[in-house]
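> Structure for this input, please:
(chains A, B and C)
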Amino acid sequence: MLPLEIYKQLLVEFGPQHWWPKHCDKKRPGFDPRFEIIVGAVLTQNTSWKNVEKAIECLFEKNLLDAESISKTPLRRLESCIHSSGYYRQKAKKLKIVARFFLEHKKRPNREDLLSLWGVGKETADSILLYAFNHPIFVVDVYTRRLLAAHKQKKLSEADYDKIKGFFETQLPSDAKLFNEYHALIVRWGKEKI
DNA sequence: CTCCAGGGGGCCA
DNA sequence: TGGCCCCATGGA
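Presented below is the predicted three-dimensional model:
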């Protein structure tokens, strides 16, 4: 079955998943919803979204949901705030690095620069580019591989990240909205443990 | 009790 | 490159 048909099937079965950007409506003067997405992309590394939400809420309550604040706040304070998201020592350090990066590159980050950051791998970099900056980039994760395997694409499911990414990007129209929803639907599908 | 979540880095052969 | 181990909380 073709990737686009699988997508349509998933959309009918599960409906829109409302991933980012959704309610990034934490309205405060100068609030940049993109940075909330970036923080979420880091905090959700190998972590359930439920635990991440608590951490993001804490950051918001303490006015730490922007690059300048995260850069300036003491590491310990950051760690305690994101404690619920797990790996909190590593992630606090990652947030510091990412915050500094976005303070310096206010414009549009490219994939190579993101990947050069400690704590940002391919999936996180691509999630940031897709969900925060609306680039038509297909995000690959473990569920993507399971989906391929479930559709008799065992060989491809075991290929490296960029090969799978390239497969979907060439088989689908280059549409950020589509890639956004597709990745979310794949994750949703994966949770059903089919 | 075990298993795993919207991964990534370090190390070693 | 590929295989392991480590990071850590919270829910099922």
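> Touching stretch A:177-189 from outside, list them.
Stretch A:177-189 is contacted by residues A:7, A:10-11, A:13-14, A:16-20, A:130-131, A:136-139, A:141, A:143-144, A:147, A:168, A:172 when judged by Cβ atoms under 8 Å, 6 or more residues apart in numbering. Where C-beta positions appear, they are placed from N, C-alpha and C, glycine not excepted.
> Stretch A:124-132 now?
Residues from elsewhere that reach stretch A:124-132 (Cβ under 8 Å, 6+ apart): A:19-21, A:34-35, A:37-38, A:41-42, A:45, A:109, A:111, A:114-115, A:120, A:135-140, A:165, A:176, A:179-180, A:183.
> Got a PyMOL select line for the buried ones in those residues?
Selection command for PyMOL covering only the buried members of these, criterion 16 or more other Cβ atoms under 10 Å:
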select buried, chain A and resi 19+20+34+35+37+38+41+42+45+109+114+120+135+136+137+138+139+140+165+176+179+180+183
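> In helices only, show me the contacts of stretch A:124-132.
Residues of the contacts of stretch A:124-132 located in helices (DSSP state H): A:34-35, A:37-38, A:41-42, A:111, A:114-115, A:165, A:176, A:179-180, A:183.
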